[in-house]
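**Q** give the three-dimensional model of this entry:
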Amino acid sequence: MSANNSSAVERLARVMIVRHRQFAMRLVVAAVIAGLFFGFTGWIFATAWFAVYVAVQLMGQQLFGDESLAVLQSPLRYRGALLLLSVDTLVFGLFGFQEALRGGPWGVACACLLWAGSIMNAVVVTNGSKHAFIYQALPSALFYLTAPLFAVAAGAPWIDGCAVIVAGVLNLMVGTTVWAASQKLYEAELQARQELERKKAEAEAATAAKSAFVAMVSHELRTPISAILAGAAEVERAAAEPGLRSNGLLISDSGRMMRTLLNDLLDLSKIEAGRMSVEVIPYDLRGLVLDTIRFWSKETKKKGLRVRLQGAGRLPRWVMGDPTRLRQILNNLMSNAIKFTDEGSITLSLSTVAAGEDLQVSFHVIDTGIGMTAEQIGRLFTAFEQLGAQTARTHGGSGLGLAISRDLARLMGGDILASSTQGQGTAFSLTIPLALGAEICTDASDVVPMMLDSERPLRILIADDHEFNRRAFTLMLEAASAEITAVEDGLKALDALAAFAFDVVLMDVNMPGMGGLDVVRQLRKVAGPNRAVAVIALTAAGSAEDIAACMKAGMNAFVTKPVEGAELFAAIEQVLSLDLIEDELALSA
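**A** The predicted structure is shown next:
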């Protein structure tokens with residue numbers, strides 16, 4: 001179908017949609033008109049006319065009640081819709097025609113009003129469709145020209161007939177003029193909408209390109225950051241001199257800062273692209289708050305600050321929500337409070353308010369720091385904005401944390417507000433809705449420490465296409481006296497898995513040729529010494545969809561790059577503990 005025909009179909013479809021939605025109103029109007037003018041036409045004609053009108057309307061509903069464009073795509077349907085418009089106006093015009101014949105001058109005047117209303121209705125509802133306007137206005141124009149002649153023949157004065165014809169011509173001229181004006185407005189609206197859609201498409205393409213670029217850069221940066229963290233940890237562990245340990249700690253802190261900035265950029269990219277999501281799972285809210293306080297206690301002690309926790313006892317323990325994102329927001333608020341407070345205290349105050357079946361939980365982080373001006377608060381939640389050049393030089397950072405935190409809070413149905421007085425501190429208020437959750441039962445026997453067999457070390461396979469990662473993971477694991485085999489692609493990983501038995505496999509998800517997901521799927525299908533081996537995914541993508549894909553492929557756990565030694569050992573401990581529990585269950589069955 002050509003572009004012109006498509007445009008005509010779209011316009012006619014909008015006309016039919018309007019008529020579809022006006023169905024009940026049109027029937028009511030027709031019934032009222034039949035009741036008002038039955039004196040001119042007689043009740044038999046009025047009743048018969050109303051029945052025919054209802055039948056025509058119902059036929060239109062049956063044929064064109066669907067609001068999709070697909071209904072009018074065929075030429076037959078398109079012509080049928082135009083014919084229905086013409087028949088609809090023709091049936092309505094017959095009532096006016098009968099009035100003009102039976103009612104004398106008054107009947108002619110009433111018919112003139114009906115036809116004028118019909119033309120104006122055609123202007124309103126045809127929505128810029130030339131064909132729809134012509135088919136709907138043509139019957140009224142014909143009645144204007146013919147009905148007065150029949151009325152005069154029935155006894156009406158010629159002057160009335162001529163007046164009706166003149167009035168009809170004027171009505172047609174006015175209607176056509178108004179329709180032409182509405183057509184221009186419609187075309188202007190159409191052009192503006194097309195321009196808006198074009199700019200929207202360009203903006204979405206630019207956002208997608210930026211997100212793809214950020215994801216690509218992130219993936220490439222995570223590899224050297226992993227190596228930096230691994231090397232720094234080894235320097236700290238092995239260095240005998242305090243100066244060398246201090247250098248290792250400096251490198252570790254710098255690597256963690258780089259990782260934080262990288263994660264912020266990824267989060268911002270996902271939010272802008274509309275791909276950020278939050279999960280709803282049960283978790284221990286009190287435990288999360290206490291963990292947050294413990295996590296920042298070292299930093300506050302280092303600066304000589306007091307930490308206060310208020311209202312924790314009033315919190316529900318088990319709730320439904322996204323603990324990872326809530327912890328991320330609280331950590332950001334606490335980090336900012338500590339960063340801009342040199343003396344005094346940091347207070348985390350908690351409160352709850354019932355909101356139907358859910359709770360409205362508020363977290364207030366209050367500091368006694370430098371405070372802010374009203375102008376600074378106004379741009380506080382703008383990405384890449386900081387309080388000033390001096391702040392950036394003194395405290396560092398990218399200015400992304402608060403912007404991302406507020407977006408995350410809004411994704412969870414809440415919000416973050418800030419209030420401050422310069423020189424007197426700042427208060428941030430995070431409010432989110434949380435549903436009460438069922439308690440998760442945990443058994444101490446489920447936590448089994450990583451067992452290193454005294455007779456032999458763990459045998460671990462590392463499959464990663466980047467040499468930096470292979471060297472970094474090897475460096476981390478050699479400290480645990482593990483036997484390491486490292487390969488650079490999926491095919492070599494399958495060869496190694498077919499030849500030797502391993503205790504744990506560290507599998508990079510994205511590798512050239514055969515990726516980690518395909519390797520694990522193939523491994524689980526074929527009988528061999530490692531068909532049930534524990535596999536830990538190494539991935540730069542930590543979204544819920546990516547994690548679900550890893551688990552569906554047959555992996556047992558995952559760690560997100562860049563990886564620190566503690567995270568890697570925790571994942572190994574997790575999968576070995578699960579294997580041990582499964583063995584115990586099998587023996588007891």
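
**Q** my guess is residue 567 meets residue 558, correct?
**A** No: the pair residue 567 / residue 558 is not scored as a contact, 10.3 Å apart, by Cβ atoms under 8 Å. Every C-beta, even on glycine, is put in place using the N, C-alpha and C of the backbone.

**Q** those two: who's more crowded?
**A** Neighbour count, other Cβ atoms under 10 Å: between residue 567 and residue 558, residue 558 has more, with 19 against 15.

**Q** partners of that one in the sheet?
**A** residue 537 (DSSP bridges).

**Q** measure it to residue 25 for me?
**A** 59 Å (Cβ to Cβ, to the nearest Å).

**Q** tell me where the stretch 451-589 of the chain has helices.
**A** 467-478, 490-499, 516-525, 544-553, 565-588 (DSSP state H, counting those that start in this stretch).

**Q** mind checking which of these is nearest residue 308?
**A** helix 565-588 (29.1 Å; Cβ to Cβ).

**Q** mean confidence for that closest one?
**A** Mean per-residue pLDDT for helix 565-588: 60.

**Q** do the same with stretch 194-212
**A** For stretch 194-212, the per-residue pLDDT averages 79.

**Q** how far out from the middle of the chain is that stretch?
**A** Its chain's C-alpha centre and that of stretch 194-212 lie 16 Å apart, by Cα atoms, centre = their mean, to the nearest Å.

**Q** domain assignment for the chain?
**A** For the chain, automatic domain parsing gives the domain ranges 3-156, 212-272, 281-436, 449-588.

**Q** for residue 126, what are its contacts?
**A** If you count contacts by Cβ atoms under 8 Å, 6 or more residues apart in numbering, residue 126 has them with 11, 15, 132, 133, 136, 179.

**Q** turn those into CSV, columns for pLDDT and neighbour count.
**A** Shown next, in CSV, are these (pLDDT from 0 to 100; neighbours: other Cβ atoms under 10 Å):
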residue, pLDDT, neighbour count
11, 75, 21
15, 78, 25
132, 78, 24
133, 78, 25
136, 78, 26
179, 68, 23
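
**Q** return the member of these nearest to residue 266.
**A** residue 11 (44.8 Å).

**Q** what distance do you get for the closest one to residue 125?
**A** Per Cβ to Cβ, residue 11 is found 11 Å from residue 125.

**Q** equivalent analysis for residue 33, please.
**A** In terms of Cβ to Cβ, residue 33 sits 17 Å off from residue 125.

**Q** kindly report the same for residue 109.
**A** 25 Å.

**Q** now do the strands in the stretch 1-150 of the chain.
**A** In the stretch 1-150 of the chain, no strands are defined using DSSP state E, counting those that start in this stretch.

**Q** where does pLDDT dip in it?
**A** Segments of the stretch 1-150 of the chain classed as low confidence (criterion: pLDDT under 70) are 1-6, 65-68, 102-105, 124, 127-128.

**Q** gap between residue 7 and residue 429?
**A** On the measure of Cβ to Cβ, residue 7 and residue 429 end up 52 Å apart.

**Q** who has more neighbours, the two?
**A** Using other Cβ under 10 Å as the criterion, residue 7 and residue 429 rank with residue 429 on top: 18 against 14.

**Q** would you check that that one makes contact with residue 414?
**A** No: between residue 429 and residue 414 no contact is recorded; they are 9.9 Å apart, counting by Cβ under 8 Å.

**Q** which stretches in the stretch 151-300 of the chain count as helices?
**A** 158-238, 242-272, 285-303.

**Q** what's the answer for the stretch 301-450 of the chain, then?
**A** 323-339, 374-378, 389-395, 401-411.

**Q** is it true that residue 559 touches residue 572?
**A** No: the criterion here is Cβ under 8 Å, and residue 559 misses it with residue 572 at 9.4 Å.

**Q** so what sits against both of these two?
**A** Common neighbours of residue 559 and residue 572 are listed as residue 536 (criterion: Cβ under 8 Å, 6+ apart).

**Q** now residue 78: how far from residue 23?
**A** Distance, residue 78 to residue 23, by Cβ to Cβ: 21 Å.

**Q** again, but for residue 110
**A** Counting by Cβ to Cβ, the gap from residue 110 to residue 23 is 25 Å.

**Q** and what of residue 358?
**A** In terms of Cβ to Cβ, residue 358 sits 41 Å off from residue 23.

**Q** same question, residue 413
**A** For residue 413 relative to residue 23 (Cβ to Cβ), the value is 38 Å.

**Q** quick one, what contacts residue 69?
**A** The contact partners of residue 69, taken as Cβ under 8 Å, 6+ apart, are 9, 10, 13.

**Q** in JSON lines: the residues you listed, plus distance to residue 324 and neighbour count.
**A** As requested, these are arranged in JSON lines below (distance: Cβ to Cβ, whole Å; neighbours: other Cβ atoms under 10 Å):
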{"residue": "9", "distance to residue 324": "49", "neighbour count": "22"}
{"residue": "10", "distance to residue 324": "45", "neighbour count": "15"}
{"residue": "13", "distance to residue 324": "46", "neighbour count": "23"}
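
**Q** could you dump those into JSON lines and include distance to residue 348?
**A** Converted to JSON lines, those look like this (distance: Cβ to Cβ, whole Å):
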{"residue": "9", "distance to residue 348": "61"}
{"residue": "10", "distance to residue 348": "57"}
{"residue": "13", "distance to residue 348": "57"}
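
**Q** hang on, the earlier thing: so which of the helices of the stretch 301-450 of the chain gets nearest residue 521?
**A** Comparison of these against residue 521 by Cβ to Cβ identifies helix 323-339 as nearest, at 27.5 Å.

**Q** for residue 88, the count of nearby residues, please.
**A** 21.

**Q** I meant residue 63, not that one.
**A** 14.

**Q** for it, which residues are in contact?
**A** So residue 63 contacts 71, 77, 80, 81, 84 (Cβ under 8 Å, 6+ apart).

**Q** distance of it from residue 81?
**A** For residue 63, the distance to residue 81 - Cβ to Cβ - is 8 Å.

**Q** do residue 527 as well
**A** Distance, residue 527 to residue 81, using Cβ to Cβ: 65 Å.

**Q** so for these two, which sits in the more crowded spot?
**A** Using other Cβ under 10 Å as the criterion, residue 527 and residue 81 rank with residue 81 on top: 24 against 5.

**Q** surely that one and residue 72 touch.
**A** Yes: judged on Cβ under 8 Å, residue 81 makes contact with residue 72 at a distance of 6.0 Å.

**Q** shared neighbours, those two?
**A** Contacts common to residue 81 and residue 72, judged by Cβ under 8 Å, 6+ apart, are 12, 16, 64.

**Q** hang on, the earlier thing: which of residue 559 and residue 572 has more neighbours?
**A** When residue 559 and residue 572 are compared on other Cβ under 10 Å, the one with more neighbours turns out to be residue 572, at 23 against 20.

**Q** my guess is that one meets residue 536, correct?
**A** Yes: with contacts counted by Cβ under 8 Å, residue 572 reaches residue 536, the gap being 6.9 Å.

**Q** quick one: common contacting residues for those two?
**A** residue 504.

**Q** so how far is residue 49 from residue 236?
**A** Residue 236 is 95 Å from residue 49, by Cβ to Cβ.

**Q** gap between the two ends of stretch 55-73?
**A** 24 Å (Cα to Cα, to the nearest Å).

**Q** how far does that stretch sit from its chain's centre?
**A** Worked out by Cα atoms, centre = their mean, stretch 55-73 lies 34 Å from the chain centre.

**Q** what of stretch 87-100?
**A** Counting by Cα atoms, centre = their mean, stretch 87-100 is centred 52 Å from the centre of its parent chain.

**Q** what's in contact with it?
**A** For stretch 87-100, the external contacting residues (Cβ under 8 Å, 6+ apart) are 30, 33-34, 37, 40-41, 45-46, 49, 52-53, 56-57, 60, 107-108, 110-112, 114-115, 118, 122, 135-140, 142-143, 147-148, 150-151, 156, 164.

**Q** 6 Å instead, please
**A** When contacts are defined by Cβ atoms under 6 Å, 6 or more residues apart in numbering, stretch 87-100 is touched by residues 37, 40-41, 45, 49, 52-53, 56, 107-108, 110-111, 114-115, 118, 136, 139-140, 143, 147, 151.
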